[in-house]
Each structure stands twice: as structure tokens, then as C-alpha cells.
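J.: the following block contains a protein sequence and its predicted model.
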Amino acid sequence: NAGVMQNPRHLVRRRGQEARLRCSPMKGHSHVYWYRQLPEEGLKFMVYLQKENIIDESGMPKERFSAEFPKEGPSILRIQQVVRGDSAAYFCASSPTGTATYEQYFGPGTRLTVT
Amino acid sequence: AQSVTQLGSHVSVSEGALVLLRCNYSSSVPPYLFWYVQYPNQGLQLLLKYTSAATLVKGINGFEAEFKKSETSFHLTKPSAHMRDAAEYFCAVSGAGSYQLTFGKGTKLSVIP
């Protein structure tokens, strides 16, 4: 059973470009979470999605950031017009249900560098 | 609202010595508590979790943690450190019935041969 897949593992973008980060949850998991890890910081919750629905995006910056989890295909975290402060590791996690009773399984992360 | 404080951003122990990583939490609801480990350039792996059953929780790789409500603590221990335990460890909390994990800032564990 493959784990949570994320690609690309490393992404370099120049200021003003767009970044697209992909996440394929574990087989059988329909709940996806995105977290951001800034240097010397723990992970911060960004958004929680189920198929075709955003359940909670309270941790998402108000501008430039969006997320989706379509009926078919991976979940996408999109960052428009990236700035240097967006440089971070972005982790996706998945779970079979939407409560902490079941642990969240994390992917290897995408490390975004904005130059 | 929940928060997690991990005391000590860096901890060094000798190989074979006791590992103790500290975690204190605050939560307005009964908490679920987790310890995750992150090896360099990898994702997070769950070590153990507390979900209101036994207060002493045993996890993988010989780690265990004890939930102490009176002290609002969930410290991680291992009797004897191995070189392969060198990694960063994160404590996290979630409210019962919630899904959002709140993480501490992490503790980097170094193991000295």
C-alpha cells in the first residue's frame, strides 16, 4: 500500500511565478490536509479538504493561496505570484476519516524555494 | 484553542543513555496527543498517540510517553538511545473530535557515540 505521495519533492520558483504542489492520498483515504513548515518552526495547518469540498481553510493566507481536491486526481495547493516568504516545506497528510481518532499520514513534503 | 510547548529546541544524549523530550500542552477540550519524528528531508512519521485510553502509551522504536493531566504534559522517553534516533521530534495536539493538528516547534535530538 503506497503512502502519501507528493510531487515535486523540490520546487524552485522566481518571485512572481506560480507554484503548484500535488498530493495523492493513501489508498482508501478521502480526507486531505495541507501544512506548512517554515524554518525553525513546527508545522502549521493550512487547509482541510474532502473530495470536491473545502472543509476548513482557516489557515490559508487570504491572498494568492488556493487548494482543491477534485473528484479525480490529486489534491493541488496553488500559490500564485510567489514571494520569498513563501519558501517553506509544504506537507500533505491524509486520513480515512476527518477526526483525530485516526492518525494523519504525512507525505515526504515539497520544499519550495523562491529566488 | 490549543497550543503545544516543547522545552528545548536541541537535546544531546550519549548512545545508550535515557532520552527525555518534553512536551506541555494547553487545550480547552479533552486532548488527543501525538509524537511524530522527522528524519532529514523526509515527512513525519507517527511514533505514538494518546486518545484517552491508557495514560502510558507505547510506540514504535522503543519510545513511550505518559499523559499527565495534572501537569498538562506528554513527555516522550526511551530508555536507551541509538544513533538512528537522531532526528527532529514534534509533539502535536488535537481536540477530541477535531481534525486539526497543532504542532510544537520541534526538538532536534542528537545522539553522541
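T.: Thanks, I have the structure now. Computed from a predicted structure; not experimentally measured.

J.: for the most centrally placed residue in chain A, give me its contacts.
T.: Centroid-nearest residue in chain A, with CA atoms, centre = their mean: residue A:34, separated by 3.5 Å. Neighbouring residues of residue A:34 by CB atoms under 8 Å, 6 or more residues apart in numbering or on different chains: A:23, A:45-47, A:49, A:67, A:75, A:77, A:90-93. In this view, the C-beta of every residue, glycine as well, is placed from N, C-alpha and C.

J.: tell me the SS of the closest residue to it other than its chain neighbours?
T.: Among residues not flanking residue A:34 along the chain, residue A:46 sits closest, at 4.4 Å (CB to CB, 6 or more residues apart in numbering or on different chains). Secondary structure state of residue A:46, per DSSP: H, G, I helix; E, B strand; the rest coil, is strand.

J.: next one: residue A:46 from residue B:2, what distance?
T.: As judged by CB to CB, to the nearest Å, residue A:46 and residue B:2 stand 16 Å apart.

J.: neighbour count: those two, which is higher?
T.: Set residue A:46 next to residue B:2 and count neighbours by other CB atoms under 10 Å in any protein chain shown: residue A:46 wins out with 21 against 18.

J.: all strands for chain A, in order.
T.: A:5-7, A:10-13, A:19-24, A:31-37, A:43-50, A:53-56, A:65-68, A:75-79, A:88-95, A:105-106, A:110-114 (DSSP state E).

J.: same question, chain B
T.: In chain B, the segments counted as strands under DSSP E are B:2-5, B:10-14, B:19-21, B:24-27, B:31-38, B:44-50, B:56-58, B:64-68, B:73-78, B:87-95, B:102-103, B:107-112.

J.: now distance to residue A:108 too, for the ones you listed, in JSON lines please.
T.: Formatted as JSON lines, those follow (distance: least, CB to CB, whole Å):
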{"stretch": "strand B:2-5", "distance to residue A:108": "23"}
{"stretch": "strand B:10-14", "distance to residue A:108": "24"}
{"stretch": "strand B:19-21", "distance to residue A:108": "23"}
{"stretch": "strand B:24-27", "distance to residue A:108": "27"}
{"stretch": "strand B:31-38", "distance to residue A:108": "10"}
{"stretch": "strand B:44-50", "distance to residue A:108": "9"}
{"stretch": "strand B:56-58", "distance to residue A:108": "26"}
{"stretch": "strand B:64-68", "distance to residue A:108": "25"}
{"stretch": "strand B:73-78", "distance to residue A:108": "23"}
{"stretch": "strand B:87-95", "distance to residue A:108": "14"}
{"stretch": "strand B:102-103", "distance to residue A:108": "17"}
{"stretch": "strand B:107-112", "distance to residue A:108": "19"}
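
J.: any chance of those in TSV with distance to residue A:6 and mean pLDDT as columns?
T.: Compiled in TSV, these are given as follows (distance: least, CB to CB, whole Å; pLDDT from 0 to 100):
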stretch	distance to residue A:6	mean pLDDT
strand B:2-5	24	91
strand B:10-14	28	97
strand B:19-21	27	98
strand B:24-27	28	90
strand B:31-38	14	92
strand B:44-50	12	92
strand B:56-58	28	94
strand B:64-68	28	95
strand B:73-78	26	97
strand B:87-95	18	92
strand B:102-103	18	92
strand B:107-112	23	96
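
J.: so which of those strands is nearest residue A:55?
T.: Nearest to residue A:55 among the strands of chain B is strand B:87-95 (14.7 Å), distances taken as CB to CB.

J.: and that closest one, what does it pack against?
T.: For strand B:87-95, the elements it packs on are strand B:2-5, strand B:24-27, strand B:31-38, strand B:73-78, strand B:102-103, strand B:107-112, judged by 3 or more CB pairs under 8 Å, 6 or more residues apart in numbering or on different chains; DSSP states H and E.

J.: sounds good, over and out.
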